[in-house]
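Engineer: how would this look folded up:
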Amino acid sequence: MDLFSKAEESNRQSAQPLAARMRPKTLDQMVGQSHILAPGKLLRRLVSACRIQSLLFYGPPGTGKTTLARLIAAETKAAFRQINAVTSGIKELREALDWARDELSATGSRPILFIDEIHRFNRSQQDALLPDVESGTIALVGATTSNPFFAVNGALLSRSQVFELHPLEDDDLIALLNRAIRDPEVGLGRYSIQVDPHALQYCARIAEGDARRALNALEIAVLSSNRFPIVLTVELMQESMQKKVLQFDPSGDQHYDMASALIKSLRGSDADAALYWLARAIESGEEIRFLTRRLVIFASEDIGNADPQALNLAVSTMQACEFVGLPECQLNLSQAVIYLALAPKSNSATTAIMAARKEVQQGNIIPVPVHLRDGHYAGSKQLGHGIGYQYSHDAPDGIAAQDYLGVDRQFYQPIERGQEIDLARRYNEIRTKLKPQSELPNSQNAPNTRIENEK
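Structural biologist: Got it, this is the predicted structure:
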């Protein structure tokens with residue numbers, strides 16, 4: 001490299017943001033991701049053995065997906081080419097594949113084709129990769145913030161090893177920030193900086209595992225300070241950190257993950273956790289109708305008759321949200337979420353209908369008993385329809401002792417919680433009257449119709 005080339009390279013490097021300059025040069029310098037990069041872990045073994053096939057890196061922004069792809073290429077001494085699925089079409093993809101074939105023919109070494117945001121490629125574009133992946137022409141490395149099991153074609157997914165990258169821990173981010181402050185070459189070491197440890201702790205916490213965001217905030221804080229020496233305080237970091245834009249994809253896995261967290265927190269009776277996930281959903285732009293539908297379902301699925309008012313409240317919340325809209329309907333949602341979280345829980349209505357449907361699906365079709373059949377049309381009496389039916393209102397307590405199914409089945413299994421305690425008592429009393437004890441099966445003969453709630 002001549003003098004002019006060195007100067008050009010130095011100028012290009014100095015123009016890069018701090019996050020780009022602080023990218024590690026070796027795998028040992030990589031911060032975090034020890035679950036896949038620690039000695040003995042699968043990805044580390046693959047790199048050490050130069051056995052890179054097709055890899056998919058899945059994780060939130062700022063966790064090192066692109067950096068890791070470049071480090072793997074450097075460690076394995078493989079030719080490297082990067083394209084972005086957002087800005088590249090089938091033409092650019094074919095050019096990259098042609099380059100890979102030429103590289104393999106010329107050197108005998110399989111090149112690495114890195115595709116950032118690979119989930120943004122459509123099905124035909126992803127399918128175009130299959131022949132070269134299967135033939136070993138390329139070592140494909142794809143990066144995505146979306147769950148690849150939802151976003152990547154099954155054929156390509158089955159030929160790739162998936163590695164999930166986790167958000168960095170606060171201690172990892174603080175170590176990275178300290179390294180950036182001390183490093184005089186690519187970091188900020190040429191500046192005189194006095195550091196309040198609480199400022200770095202604040203930065204790491206607000207960055208939420210995103211190294212790029214933490215380093216960008218640090219660089220803004222240092223370069224915008226008009227004091228000398230620079231005093232890195234919590235206040236300065238607060239001014240330098242922009243509000244994080246929450247990612248939201250109505251068809252992506254984060255959408256379903258947050259909905260799952262909300263429902264499971266409600267089911268677990270943790271009102272504070274449920275409120276947090278509700279707030280996350282609202283701030284992310286979640287559709288309010290989706291939230292209210294989930295609350296209406298939950299009221300019957302997980303509370304049921306332990307508190308019948310829960311369904312009324314959920315339906316009222318749905319109607320109120322339609323009438324009021326955001327931002328005020330967040331108050332309706334908050335009220336409903338708190339109530340549903342603290343209500344007694346029962347899934348007996350859920351297991352009851354599932355057990356009854358399972359009976360039908362298994363082919364146990366029970367004919368309607370003759371005395372329950374319609375007897376209002378001409379000729380019905382000749383068939384015996386309706387004969388022997390006892391009108392319930394004629395009984396002193398409104399319950400006529402007769403058979404309504406023809407066989408003995410118990411689908412409803414009341415739970416001793418909330419108002420269902422009273423329903424359970426009444427259910428057992430009525431069942432005893434409808435089915436005399438001599439006709440009720442004992443515990444050994446009774447069919448086990450209750451099934452596990454898989455939700």
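
Engineer: For the rest of this, base every contact and every neighbour count on C-alpha atoms.
Structural biologist: Fine.

Engineer: Low-confidence stretches in the stretch 1-150 of the chain?
Structural biologist: Across the stretch 1-150 of the chain, residues meeting the criterion (pLDDT under 70) sit at 1-14.

Engineer: those helices in it, which residues are they?
Structural biologist: Secondary structure of the stretch 1-150 of the chain (DSSP state H, counting those that start in this stretch): helices located at 3-15, 18-21, 34-37, 42-48, 65-76, 90-107, 123-127, 130-135, 148-151.

Engineer: Go through those and name the closest to residue 295.
Structural biologist: Shortest distance between residue 295 and those, using C-alpha to C-alpha, is found for helix 148-151: 25.0 Å.

Engineer: now that closest one, how far from the chain's geometric center?
Structural biologist: Offset of helix 148-151 from its chain centre (C-alpha atoms, centre = their mean, to the nearest Å): 12 Å.

Engineer: picking up where we left off before, among the helices of the stretch 1-150 of the chain, show me which one is buried the most.
Structural biologist: The highest mean neighbour count among the helices of the stretch 1-150 of the chain, using mean count of other C-alpha atoms under 10 Å, belongs to helix 65-76: a mean of 20.

Engineer: one step back: among the helices of the stretch 1-150 of the chain, which comes closest to residue 276?
Structural biologist: Across those, closest to residue 276 is helix 148-151 (C-alpha to C-alpha), at 25.6 Å.

Engineer: Next SSE downstream of the closest one?
Structural biologist: The C-terminal neighbour of helix 148-151 among helices and strands, as given by DSSP states H and E, is helix 154-158.

Engineer: Report all helices and strands that that next one contacts.
Structural biologist: helix 123-127 (3 or more C-alpha pairs under 8 Å, 6 or more residues apart in numbering; DSSP states H and E).

Engineer: Quick check: which helices or strands does the helix it packs on pack against?
Structural biologist: helix 154-158.

Engineer: Quick one: distance of the helix it packs on to the chain centre.
Structural biologist: With C-alpha atoms, centre = their mean as the basis, the mean position of helix 154-158 lies at 20 Å from the chain mean.

Engineer: Going by neighbour count, which residues of that helix are buried?
Structural biologist: 156, 157 (16 or more other C-alpha atoms under 10 Å).

Engineer: Which element is encountered next along the chain beyond that helix?
Structural biologist: Of the helices and strands lying after helix 154-158 in sequence (DSSP H and E), the nearest is strand 161-164.

Engineer: Send me that next one as PDB with only the CA atoms.
Structural biologist: In PDB, the C-alpha atoms belonging to strand 161-164 read as follows (Å, rounded to 0.1, in the frame of the first residue of the first chain):
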ATOM      1  CA  GLN A 161     -27.900 -23.800  11.000                       C
ATOM      2  CA  VAL A 162     -29.800 -21.200  13.000                       C
ATOM      3  CA  PHE A 163     -28.000 -19.300  15.700                       C
ATOM      4  CA  GLU A 164     -29.900 -16.800  17.900                       C
END
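
Engineer: Paired strands for it, with orientation please.
Structural biologist: Sheet pairing of strand 161-164 (DSSP bridges) gives strand 55-58 (parallel).

Engineer: distance between the strand it pairs with and the chain's centre?
Structural biologist: For strand 55-58, the distance to the chain centre is 17 Å (C-alpha atoms, centre = their mean).

Engineer: Kind regards, and thank you for your time.
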